[in-house]
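1. I'll drop the sequence and a predicted model, then ask my questions.
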Amino acid sequence: MAKATMLTYLDEQLTKQLPDYDVAIDWDVKNHSVELVIRLFAENPAQLHLDDAEGVASEEAIIEFEDGILLVDPKKSKYDVADYLAVYPYEGKKGLRQGELDALVTYLKEVMDEGLSDLMDFLNDDDAAEVFELHWDREQFAELVRSNEVKGLTAYLPYPAY
């Protein structure tokens, strides 16, 4: 059996813990990055006229919201932090610790649960905010990572070989 990498482990955990959500892994070998593309879908019963981040208008019956989390090698990856919900560094070929990946999946589920609820409120509540976006609390995520370290989840899962 092949040794688990941060990609294979992440894929397994996302499949197991977020079966009701659309999450895709996009590995950019040349940029040394891994993007988790997350999508939320919600019914737009009033078919509200909505503009996306690029200003494209939509009145679709089902709204699709997309965002991403980027795992990067700080020495090699090129990216714009503003394009992502969160950017998190890994340690080159060494990869990420299991506790960090577990915290990522656990916290991503919380963010998506809250986000779906907020998106539905946004579409159905006249008093809702003007802009919908997901929220990533770096300190809450860091606390989950620390908690996993205390549990001994410190083994590294390597960055995959090409």
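-> On my side now, so go ahead. Small disclaimer: the values here were computed from a predicted structure and weren't measured.

2. surely residue 43 and residue 62 touch.
-> Yes: look at residue 43 against residue 62 with C-beta atoms under 8 Å: they come within range, at 6.0 Å. In this view, the C-beta of every residue, glycine as well, is placed from N, C-alpha and C.

3. who's more crowded, those two?
-> Taking other C-beta atoms under 10 Å, residue 43 and residue 62 do not tie; residue 43 has more neighbours (14 against 8).

4. where's that one relative to residue 117, distance?
-> In this view, residue 43 and residue 117 are 13 Å apart by C-beta to C-beta, to the nearest Å.

5. likewise for residue 71?
-> Remark: distance between residue 71 and residue 117 (C-beta to C-beta) = 26 Å.

6. in terms of neighbours, single out the busier of the two.
-> residue 71 (26 against 12).

7. which residues does that one contact?
-> Residue 71 makes contact with 6, 33, 34, 35, 36, 88, 89, 90, 96, according to C-beta atoms under 8 Å, 6 or more residues apart in numbering.

8. between the residues you listed, which is nearest residue 77?
-> Using C-beta to C-beta, residue 33 comes nearest to residue 77 of the contacts of residue 71, at 4.6 Å.

9. so where's this structure shaky on pLDDT?
-> Along the chain, segments meeting pLDDT under 70 span 1-2, 45-59, 126-129, 162.

10. can you give me the helices for it?
-> For the chain, the helices defined by DSSP state H occupy 6-17, 98-124, 138-150.

11. among those helices, which is nearest residue 75?
-> Among the helices of the chain, helix 6-17 comes nearest to residue 75, with 16.4 Å by C-beta to C-beta.

12. now find how far off-centre that closest one is within its chain.
-> 12 Å (C-alpha atoms, centre = their mean, to the nearest Å).

13. and what of stretch 79-96?
-> Distance, centroid of stretch 79-96 to centroid of chain: 11 Å (C-alpha atoms, centre = their mean).

14. what's the burial count for the nearest residue to residue 92 once chain neighbours are set aside?
-> Nearest residue to residue 92, sequence neighbours excluded (C-beta to C-beta, 6 or more residues apart in numbering): residue 73, at 5.5 Å. Residues lying near residue 73 (other C-beta under 10 Å) number 18.

15. against residue 123, how distant is residue 73?
-> Distance of residue 73 to residue 123, given as C-beta to C-beta: 38 Å.

16. contacting residues for residue 135?
-> Neighbour list for residue 135: 111, 114, 115 [criterion: C-beta under 8 Å, 6+ apart].

17. and of those, the nearest to residue 151?
-> Using C-beta to C-beta, the contacts of residue 135 come closest to residue 151 at residue 111, 21.4 Å.
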